[in-house]
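S.K.: curious how this folds, go ahead:
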Amino acid sequence: MKLGGAVARGGREYLQLKSYKSRHQYSGAVTYHMTNLIRNSPEISEFTLYIVEQ
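M.R.: Numbers count the residues shown, from 1 in each chain. Down below sits the predicted model:
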């Protein structure tokens, strides 16, 4: 994981991720909670989530 700089939004400070890789192996169910995947494009975000869930 590579981190970018800090960003202030709504009175909170967040770290930006420049890159992230993940590999998982589970024998049971896995649940992810993802929102706002594509900034300023809720239609594309919803469609992307729909594809991932299939």
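S.K.: just the helices in the protein please.
M.R.: 42-53 (DSSP state H).
S.K.: what pLDDT does the residue located most distally from the centre of it get?
M.R.: Among the C-alpha atoms of the chain, the one most distant from their mean position (CA atoms, centre = their mean) is that of S27, at 23.0 Å. Predicted confidence (pLDDT) for S27: 83.
S.K.: pull up the gap between E46 and V52, please.
M.R.: 11 Å (CB to CB, to the nearest Å). The way it works is simple: take the backbone N, C-alpha and C, and place the C-beta from them, glycine included.
S.K.: those two: who's more crowded?
M.R.: Neighbours per residue, other CB atoms under 10 Å: of E46 and V52, the larger number sits with E46, 13 against 10.
S.K.: can you pull the pLDDT of that one?
M.R.: For E46, pLDDT reads 83.
S.K.: quick check: it vs S19, distance?
M.R.: 24 Å.
S.K.: sketch out the low-pLDDT regions of this protein for me.
M.R.: 1 (pLDDT under 70).
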